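1. The following block contains a protein sequence and its predicted model.
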Amino acid sequence: MRYKLIILLFLIGFTFSSCSSTEADDTMDPTSQTDTDSEEEASDADDSETEEETDSDTDEDTDSEIDTDDELAVYRKIYGATDIYKDGDYVVIEMEGIPDHGSPYYDGSEWQDRYEENDERSFNQNPNVIQSVDRTVRIPLYPTEATDHQATALGTMGVALNGVAFFNQYAGPNNQPLTNEIYSFDQYNGHPQSSGVYHYHLEPNYLTEQESIGQDGLLGFLLDGFPVYGPMENNVAVTNDDLDDYHGHSHATEDYPDGIYHYHITAEDPYINGNGYYGTPGTSTQ
C-alpha cells in the first residue's frame, strides 16, 4: 500500500511539472508573435507610405501635363504649325509658312501640283514664287496690355491658323498704302514677297469660308499673344468704329469665356491691326 502511494505521488508531480513547462512555452509564443506582427505592420505601413508617395508623385506629374496641355490648347488650333511648345512664359510656334490652299504663286515652285489659277480680271501677279521658310515665333503665353505700344514692322506680325504669316497694312519698302499691291493678292487674299514668304494683309478668306471657323471664328494670333478674330461678331459685320486705335476690343469669346482683348479683321484699312500692338510683342525669326 505504501508502495502504491509513493508511485501515485510521483505521477502527480511529473504531471504538474509537464503542465508548468507547457504553460511557460505558451507564454513566450504570444510575445514572439507580437514582435513579428509589429514588424509586419511597420513593413505594411512603410509600403503604404511608399505607395501613397508614388501615387502623389504620379498625380503631380499628371496634373503638370494636364496644366501644360490646357495652357496650350487654344494655340494648338494653329494646325499649320510644325511644332508648338511652351518655353517659360512664352508659346513657341514653329512653321514653314506654306499655305494649305491653291495659289497661282505655286507656279514654278516645288509644289507645282498646288497651282491654282486666279481668273479675276483685276489680278496682277507679282514675279515671286512661294517658298518654304522655317520660322520660329515666340509669343507671350499670358499677354497683357503694354505701357508703350510698339508699332508693327514690315514682315511677320502674327500667324494664322494654317501657319501663314500675317503682315500689316503697308506695302514695302516705305510703309506705302496697299492701293496698288492689293491687285497682286490671289483669290485667297495672299501673296509671296521677294524671298518667297507667303502672307496675308487682309482677311484670309480660305479660313473664314471653312465651316469649322467661319467669319466670326479665331483666325490666329499677333506677336503680342492676343488673338485675331474674323470680320463678323454676333452675326453683324465689325467695322473700324467698333474697335479701338489698335483695331480690337475686350469681351468674352468662345475660346476665352472669361474675356480677353482681341483684334478683328475688317474690310477697311488697317484690316488687321491699327496703330501698333496692344500688348508687348514677342519675336519672329527664320
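-> Thanks, I have the structure now. Numbering: from 1, shown residues only.

2. OK, contacts around the nearest residue to residue 180 once chain neighbours are set aside?
-> Spatial nearest neighbour of residue 180, chain neighbours left out: residue 171 (7.5 Å); criterion: CB to CB, 6 or more residues apart in numbering. Any C-beta I mention is one placed from the backbone N, CA and C, and that applies to glycine too. By CB atoms under 8 Å, 6 or more residues apart in numbering, the contact set of residue 171 is 177, 178, 180, 181.

3. which residues are in contact with stretch 101-119?
-> 98, 123, 125, 128-131, 162, 186-188, 190-192, 198, 206.

4. Recalculate using a threshold of 10 Å.
-> If you take CB atoms under 10 Å, 6 or more residues apart in numbering as the criterion, stretch 101-119 is touched by 98-100, 123-132, 162, 164, 184-188, 190-192, 196, 198, 204-207, 209.

5. send the alpha carbons of that stretch over as CSV?
-> Extracted C-alpha coordinates of stretch 101-119, given in CSV (Å, rounded to 0.1, in the frame of the first residue of the first chain):
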residue,chain,number,x,y,z
HIS,A,101,-4.8,76.1,-100.4
GLY,A,102,-4.0,76.5,-104.0
SER,A,103,-2.5,79.7,-105.5
PRO,A,104,-1.1,80.9,-108.8
TYR,A,105,2.1,81.6,-106.9
TYR,A,106,2.8,77.9,-106.7
ASP,A,107,3.6,78.0,-110.4
GLY,A,108,7.3,77.3,-110.9
SER,A,109,7.7,76.0,-107.3
GLU,A,110,8.4,72.5,-106.0
TRP,A,111,4.7,72.3,-105.2
GLN,A,112,3.6,72.8,-108.8
ASP,A,113,0.7,70.4,-108.2
ARG,A,114,-0.9,73.0,-105.9
TYR,A,115,-1.1,75.6,-108.7
GLU,A,116,-4.5,77.2,-108.9
GLU,A,117,-5.3,79.9,-111.5
ASN,A,118,-6.8,83.2,-110.4
ASP,A,119,-9.1,84.2,-113.2
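
6. related to what we said a few turns ago, and the contacts of residue 171 as TSV, adding distance to residue 286 and secondary structure?
-> Shown next, in TSV, are the contacts of residue 171 (distance: CB to CB, whole Å; DSSP: H, G, I helix; E, B strand; the rest coil):
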residue	distance to residue 286	secondary structure
177	26	coil
178	23	coil
180	27	coil
181	22	helix
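
7. Can you flag the buried ones in the residues you listed?
-> The neighbour-count criterion (16 or more other CB atoms under 10 Å) marks 178, 181 among the contacts of residue 171 as buried.

8. any idea how far residue 260 is from residue 80?
-> Using CB to CB, to the nearest Å, residue 260 is found at 22 Å from residue 80.

9. Same question for residue 137.
-> Residue 137 is 12 Å from residue 80, by CB to CB.

10. Give me the more crowded residue out of those two.
-> The neighbour comparison of residue 137 against residue 80 (other CB atoms under 10 Å) goes to residue 137, with 26 against 18.

11. Am I right that the more buried one sits in a strand?
-> Yes. Checked against DSSP: H, G, I helix; E, B strand; the rest coil, residue 137 lies within a strand.

12. which one is it nearest to, not counting chain neighbours?
-> residue 93 is the one closest to residue 137 (CB to CB, 6+ apart), at 4.5 Å.

13. Okay, now the sheet partners of the host helix or strand of that neighbour, with direction.
-> Take DSSP states H and E as the rule and residue 93 turns out to sit in strand 90-95. Strand partners for strand 90-95, identified by DSSP bridges, are recorded as strand 83-87 (antiparallel), strand 135-140 (antiparallel).
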